[in-house]
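Participant: return atomic coordinates for the entry below.
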Amino acid sequence: MTKPAKTKDELRKLILSEIAGQPVCPAGMDVSIRAAEAGSWEVDSIPPGSIAHADCVHYIGQIARRLRAEYDLAPDPMYNQIDWMNPSSSDVADQVIRQNANRRRRFIEATSDFVPDENLAKQDAPARPLQQTLTPDGRVVDFSIANQREDWLKTQPNDVAIVFAARAALRALPTATFASGAGRSRMTRRKMVLRVFRALAAAWSYSAYPSSRDVLREAARSALKGLGSMNATLTERAAVYASAAAASAPDDVASRASIAVGYALDAIGAKGRQAFELTLEALAADADLLDQKFSPVSLANSQLWPTKIPDWVNEDWAHLKQALLDAKEDWEVWTGWYDDRLVGAPANEDHELARVTITEQFWDEDPEAVNSQIKWITEEIKELTPVGETDLPSIEAIPPQSETGSQFVQITDGRIDLALDPPSHSPVADQNQREIYQELRYKASTLSALGHNQLGDLSGPITRFLAALPERIEDVSIIRIWSRGNTLRVRLKAHETASASTDHSDPALLAPLAAELLQDLIHSHNVFIVGDPHGRELDEVRLGPRERHEDEAIVQSASIIADAVRESEGLVTPAAAEALTEQVDAARNAPAGIHGDQALDLSRKTTSNFVVEILRAVYVPYRKLLAEGEFAWKEIRSGAYRAAGPAAILGAYHYRQELITFVVDHAATLKVFVQQVFQNPELIQIIDAISKAAIS
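Facilitator: Sure thing, here's the model as predicted:
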């Protein structure tokens, strides 16, 4: 006898009515109904069960088993073979996600201490949390709220909306499963996973390669085939809406993109509150990069997560990847592709276009046949690509180093060293500067002699400042002495602020004698710096609110570069590492005010100089090889040097492998940094060229 059928919403309400008021179920607990085979259905708690709510999850399971014996799931016409490009059918699905987009957010708010503040007063951008983005009129945008997200996307160019959708859906991919279940055969699951990869690749390629968008728009439209199923998971729906955004008419792009982001957030939210919040931060980081004039194309080619890849992504992707590779069906053409998207590795445009524009008849084949075809095509492209004829930027595209930042130079052993920057005062002022310098050394020694008991936390900065004062003035580094003296200025300012308050326990307070001697030392330091042209330039730096905001954002990228340099061996000399990391660390802790602004400015210039020098050290011999060594490249292509690769040839130019490795390993961060500082697409092309040469 056929059982009566109820819709998903009716079944959900029945379950919620039974758990309401139950002490084992927290306020805001929700459920999601999904279709299984032959009209049956399954229930998921939102979010899935944890130790804290295990009793409630078990109770929900008991209710579901009883209701399944009474009711089947009614067919849901809105997801049955949806024509995603036809508003009359897909807008019904849009309405559902709009109505339910905040459900998981409400659960998070009800079961944690997280309370979003949607009424923040207009404030300077640096003060806002990373997961919040501001509209042009200063209102906070919460990307987890559907109408706010869509309204913001409508203020952006369509290519911004599409790259947002593609990156959000890509972040959700590890939540997919290769296992059969929910009424699907293993073959059906394999095909569905392949279709998800296809949709994501089409949406991503559309964002990454603007010159081919006419072809890629059609590829995105074709990628929607077979994804309009009522059984589609949240991850699959995120992928299909990302592809639909790339294929949509201009007026529909923002709406489709917003829904893709909503489904991605919902899929990731199933991993828990931390995963959900990290994804919001990643979306806001993308928005920040765009605010800093980072192009949508560059964003598409950047790493998916703003800092490190979250643990849940590493774990879930490892499981999915292993399951795909264990199938022995050439899934490495997709697992390698996603590995590259995670870290922002350079991609071959010809390969990517070939991947998503394969003849439609192949996509209807078994996944093994499709993957084999992709593998064959990409290998053919590699054999046909004339490497030596690549159109690359000239060496002149690399800008000169700034004179008011620490400068760097490659030395004979191939490492990057700190360039000398001795005093540059005029001969007329020479004697006066020498006398002031000797007085400065004396005052620094006197202050240091007070010892830790008197100096407290001032001991370290004073010791470093004294180390910047060699006996001979000719050996002085103006930038080093200015930077370390600026740290002392900041410390004196903190003492003066604390002295003006009534809180005599403030740790910023110095002992009276130490404060007096520090003030005298700073006075002499200021006089010495003013007497040097480069010192005066450093002292004259002033930043407006927008410039400070930009430099603070740049410090985030500079910090990653400095930390990488600190951990690298054989890359730089100790002096170069010290100058870079010390000045970036000072900027990380820069307080509001003129001295903090100057620390930010110096950090930006010094890191820029380091990046410029390492790119020059790598790219000049590489470019020379292409110009003068075409025969060597032909030898490589013929197979004689295939195992060693271009790095072996470049070794003839006294090239250090550590430099190549650094650029390749940190290509994504370097591209973000050069875009922020120079806004020069040729520098990004140079980084990509180096990376491709090293891994080809």
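Participant: give the buried residues for the host helix or strand of Ala579.
Facilitator: Per DSSP states H and E: Ala579 is located in helix 574-588. For helix 574-588, burial by neighbour count (16 or more other CB atoms under 10 Å) applies to 575-588. (C-beta placed from N, C-alpha, C; glycine too.)
Participant: average pLDDT for that helix?
Facilitator: Averaged across helix 574-588, the pLDDT comes to 91.
Participant: after that helix comes which helix or strand?
Facilitator: Going down the chain from helix 574-588, the next helix or strand is helix 594-628, by DSSP H and E.
Participant: buried stuff in that following helix?
Facilitator: 595-619, 621-623, 625-626.
Participant: how deep is Ile358 tucked in, by neighbour count?
Facilitator: For Ile358, the neighbour count with other CB atoms under 10 Å is 16.
Participant: give me the distance between it and Leu224.
Facilitator: Shown here: Ile358 relative to Leu224, a distance of 15 Å by CB to CB, to the nearest Å.
Participant: tell me how many other residues crowd Pro4.
Facilitator: Neighbour tally, Pro4, other CB under 10 Å: 8.
Participant: now it, nearest residue through space, not along the chain?
Facilitator: Among residues not flanking Pro4 along the chain, Tyr71 sits closest, at 5.8 Å (CB to CB, 6 or more residues apart in numbering).
Participant: give me the pLDDT value at that neighbour.
Facilitator: Looking at Tyr71, its pLDDT is 86.
Participant: in the stretch 401-550 of the chain, which spans are strands?
Facilitator: Per DSSP state E, counting those that start in this stretch, the stretch 401-550 of the chain carries strands over the ranges 408-410, 416-418.
Participant: and if you look at the stretch 101-250 of the chain?
Facilitator: In the stretch 101-250 of the chain, the segments counted as strands under DSSP E, counting those that start in this stretch are 133-134, 140-141.
Participant: where among the ones you listed is average confidence lowest?
Facilitator: Per-stretch averages of pLDDT across the strands of the stretch 101-250 of the chain put strand 133-134 at the bottom, with a mean of 54.
Participant: need the three-state assignment for the spatially most central residue of the chain.
Facilitator: Closest to where the C-alpha atoms of the chain average out (CA atoms, centre = their mean) is Pro306, at 2.5 Å. Here Pro306 is recorded as coil under DSSP: H, G, I helix; E, B strand; the rest coil.
Participant: and the closest residue to Asp159 other than its chain neighbours, how many neighbours?
Facilitator: Closest residue to Asp159 apart from its sequence neighbours, by CB to CB, 6+ apart: Pro296 at 4.5 Å. Per other CB under 10 Å, the neighbour tally for Pro296 reads 23.
Participant: against Trp305, how distant is Pro296?
Facilitator: Using CB to CB, Pro296 is found at 18 Å from Trp305.
Participant: can you check Ala498 too?
Facilitator: Taken as CB to CB, the span from Ala498 to Trp305 is 39 Å.
Participant: these two: which has the busier surroundings?
Facilitator: Under the criterion of other CB under 10 Å, the comparison of Ala498 against Trp305 puts Trp305 first, with 19 against 16.
Participant: Val313 is in contact with that one, correct?
Facilitator: Yes. Taking CB atoms under 8 Å as the definition, Trp305 is a contact partner of Val313 at 7.3 Å.
Participant: overlap of the contact sets of those two?
Facilitator: Arg171, Leu342 (CB atoms under 8 Å, 6 or more residues apart in numbering).
Participant: now the helix or strand hosting Val313: buried residues?
Facilitator: Applying DSSP H and E as the criterion places Val313 in helix 311-326. Neighbour counts over helix 311-326 (16+ other CB under 10 Å) mark Trp312, Val313, Asp316, Trp317, Leu320, Lys321, Leu324 as buried.
Participant: show me the contacts for the fifth one.
Facilitator: Contact partners of Leu320, counting by CB under 8 Å, 6+ apart, are Leu173, Pro174, Ala176, Thr177, Phe178.
Participant: repeat that with 10 Å
Facilitator: Going by CB atoms under 10 Å, 6 or more residues apart in numbering, Leu320 touches Leu173, Pro174, Thr175, Ala176, Thr177, Phe178, Ala179, Val193, Trp331, Thr335, Tyr338.
Participant: find me the pLDDT at the third one, would you?
Facilitator: I take that to be Thr175. Listed pLDDT for Thr175 reads 91.
Participant: quick one: contacts for it?
Facilitator: 233-235, 238, 264, 266-271, 275, 312-313, 316-317, 320.
Participant: also Gly405?
Facilitator: Neighbouring residues of Gly405 by CB under 10 Å, 6+ apart: 421, 479, 538, 579, 583, 601-610.
Participant: quickly name whichever of these is closest to Ile145.
Facilitator: Closest approach to Ile145 among the contacts of Gly405 (CB to CB): Arg604, at 34.5 Å.
Participant: one step back: pretty sure the residue nearest to the centre of the chain contacts Arg171?
Facilitator: No. Between Pro306 and Arg171 no contact is recorded; they are 11.1 Å apart, counting by CB atoms under 10 Å.
Participant: got any residues that touch both of the two?
Facilitator: Shared contacts of Pro306 and Arg171, defined by CB under 10 Å, 6+ apart, are found at Leu278, Ala282, Leu283.
Participant: which of those count as buried?
Facilitator: Using 16+ other CB under 10 Å as the burial test, the shared contacts of Pro306 and Arg171 include Leu278, Ala282, Leu283 as buried.
Participant: in helices, which of these fall?
Facilitator: Leu278, Ala282, Leu283 (DSSP state H).
Participant: so which of these is the closest to Asn147?
Facilitator: Using CB to CB, Leu283 comes nearest to Asn147 of these, at 15.6 Å.
Participant: ok, Pro533 - how many residues close by?
Facilitator: Using other CB under 10 Å, Pro533 has 14 other residues around it.
Participant: model confidence at it, what's the number?
Facilitator: pLDDT, Pro533: 83.
Participant: and the protein, what are its domains?
Facilitator: Following automatic domain parsing, the chain resolves into domains at 5-75, 78-385, 405-419+557-695, 427-531.
Participant: returning to what we had before: give me the subset of the contacts of Thr175 lying in helices.
Facilitator: Using DSSP H, the members of these that fall within helices are 234-235, 238, 264, 266-269, 275, 312-313, 316-317, 320.
Participant: ok, back up a step: list buried residues within the contacts of Leu320.
Facilitator: Judged by 16+ other CB under 10 Å, buried ones among the contacts of Leu320: Leu173, Pro174, Thr175, Ala176, Thr177, Phe178, Val193, Trp331, Thr335, Tyr338.
Participant: farthest pair in these?
Facilitator: Pairwise distances among the buried ones among the contacts of Leu320 were taken by CB to CB; the largest, 17.4 Å, belongs to Thr175 and Trp331.
Participant: if I pick the residue nearest to Leu517 when sequence neighbours are not counted, what's in contact with it?
Facilitator: Nearest residue to Leu517, sequence neighbours excluded (CB to CB, 6+ apart): Leu447, at 4.5 Å. Neighbouring residues of Leu447 by CB under 10 Å, 6+ apart: 454-455, 458-459, 462, 465-466, 488, 513-514, 516-518, 520-521.
Participant: switch to 8 Å and redo it
Facilitator: Counting by CB under 8 Å, 6+ apart, Leu447 touches Leu455, Ile462, Ala514, Leu517, Leu518, Leu521.
Participant: do you know the pLDDT at the fifth one?
Facilitator: Same thing as Leu518. On the pLDDT scale, Leu518 gets 92.
Participant: kindly report the same for the last one.
Facilitator: The model reports Leu521 with a pLDDT of 92.
Participant: that one: neighbouring residues, count only.
Facilitator: Considering only other CB under 10 Å, Leu521 is surrounded by 24 other residues.
Participant: rewinding a little: output the buried ones among the contacts of Leu320 in TSV, with distance to Phe408 appended to each entry.
Facilitator: TSV is the format used below for the buried ones among the contacts of Leu320 (distance: CB to CB, whole Å):
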residue	distance to Phe408
Leu173	40
Pro174	39
Thr175	44
Ala176	45
Thr177	49
Phe178	48
Val193	47
Trp331	44
Thr335	38
Tyr338	36
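Participant: closest to Pro507 among the residues you listed?
Facilitator: For the buried ones among the contacts of Leu320, the nearest to Pro507 is Pro174 (44.6 Å; CB to CB).
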